[in-house]
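# Provide a 3D model corresponding to the input given below.
(one chain, ligands or ions: 1)
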Amino acid sequence: MKKRIVLYKRLSEGLLAQLQAQVEVTWVDMAKPDGLARLRDALPGAHGLLGASLRLDSALLDLAPQLEVVASVSVGVDNYDINDLHRRGVMLTNTPDVLTETTADTGFALLLATARRVVELAGWVRDGHWQASLGPAHFGTDVHGKRLGIVGMGRIGEALARRGAAGFGMQVLYHSQRPKPQVEARYGARYCTLDALLGEADYVCLTVPLSASTEGLIGARELGLMKPEAILVNIARGRVVDEAALIKALRARRIRGAGLDVFVQEPLAQDSPLLQLDNVVATPHIGSATHETREAMARCAVDNLLAALSGQRPPNLVTPGYI
Ligand code: 8YV
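Model (predicted):
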């Protein structure tokens, strides 16, 4: 008998057909009002789950006694209690590597857009204000040759370092759990304490996974260490930053600006103070959101799921201690 899986993130037709050829698929559209109820109804018979952006808590897992694997279409695994899944004998898989370059591109897009005020000034042109050559009131700030501070030197952090050093001639500083000699050798990167990085960097880019040790990592104290002309870029998770402290720092121009792709609450509320600030570029968690990369992530998740359901060790198994 075919194993049964619950799919809660849409797949391309080709991938869905590949999946349906091997397992029985129940599709649950979580965007619909009854999505969670339908998910709960499907869990008791499920051997596998495939999706993302859903907090898979113990109450939901208690409904799935036959569950063997959760295949997340994400590299971040903060939506899951890894230890609880391990205790339950449920494998968790993710999709690293395939999204590294795309997410680093997003980080640099936000860095450049914030530094050069692209979103603000594009709106200014659209609103018909461009009547003469620009003056200092509309100038941005340079990126090339500046100091790029990367908090978290994993795959995405290293891809950012490459862009900064090789692409923009930037001096790369970084802070991570441990020094990365290969990054220092390749990109001339310098390991710093977090405080030193915050005090020296012109651009502070957050790429750490969200965990107990990184939640609230950047608060009022840390923002106060940054240079007034510095820009914060967050492509990690919203909860890595004290959002209220950031809003206060941005309003006071304590830092120049922020390029943010992730937020404490997503979708970001339309009345968020962050959207009232002209020194903020806010994007809707588009880190990995390209056609090519999302298809590659979904394919990776399908491969992980099918491997696990056939009794093999999946290629991207997440075990306790992963973060
Ligand atoms: C989205 C991400 O969560 O991979 C991650 O951890 O944050 C993003 O890629 C993911 O794309 C949702 O499907």
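
# what is the burial count for the residue of the stretch 101-250 of the chain found nearest the ligand?
Here the residue of the stretch 101-250 of the chain nearest the ligand is T103; by Cβ to the nearest ligand atom that distance is 6.8 Å. No exception for glycine: its C-beta is placed from N, CA and C like everyone else's. Residues within reach of T103, counting by other Cβ atoms under 10 Å, total 23.

# equivalent analysis for the one 4 residues further on, please.
As a burial measure, G107 scores 28 neighbours (other Cβ under 10 Å).

# what do you get for H285?
Neighbour count of H285, defined by other Cβ under 10 Å: 18.

# contacts only, for it.
H285 makes contact with 261-263, 266, according to Cβ atoms under 8 Å, 6 or more residues apart in numbering.

# just the buried residues of those residues.
Neighbour-count burial (16 or more other Cβ atoms under 10 Å) is assigned, among those, to 261-263.

# kindly reformat these as CSV containing distance to T141 and pLDDT.
Formatted as CSV, the buried ones among the contacts of H285 follow (distance: Cβ to Cβ, whole Å; pLDDT from 0 to 100):
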residue, distance to T141, pLDDT
D261, 20, 98
V262, 23, 98
F263, 24, 98
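
# which among these gets closest to the ligand?
Nearest to the ligand out of those is V262 (Cβ to the nearest ligand atom; 7.1 Å).

# look up how far L309 lies from the closest one.
Using Cβ to Cβ, to the nearest Å, V262 is found at 31 Å from L309.

# next: L225.
49 Å.

# same deal with E184?
42 Å.

# of the two, who's got more company?
L309 (21 against 16).

# and the closest residue to the more buried one other than its chain neighbours, what does it touch?
The shortest distance from L309 to any residue other than its chain neighbours is 4.7 Å, reached at K3 (Cβ to Cβ, 6 or more residues apart in numbering). In this structure, K3 makes contact with 23-24, 47-48, 68, 309, judged by Cβ under 8 Å, 6+ apart.

# interface residues of this protein facing the ligand?
Contacts of the chain with the ligand, taken as Cβ under 6 Å from any ligand atom, map to 52-53, 73-76, 99, 287-288.

# residues in contact with R162?
Here R162 is in contact with 104, 186-187 (Cβ under 8 Å, 6+ apart).

# mind putting those into a markdown table with secondary structure, neighbour count and pLDDT?
Below are the contacts of R162 laid out as a markdown table (DSSP: H, G, I helix; E, B strand; the rest coil; neighbours: other Cβ atoms under 10 Å; pLDDT from 0 to 100):
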| residue | secondary structure | neighbour count | pLDDT |
| --- | --- | --- | --- |
| A104 | helix | 24 | 98 |
| R186 | helix | 15 | 97 |
| Y187 | helix | 23 | 97 |
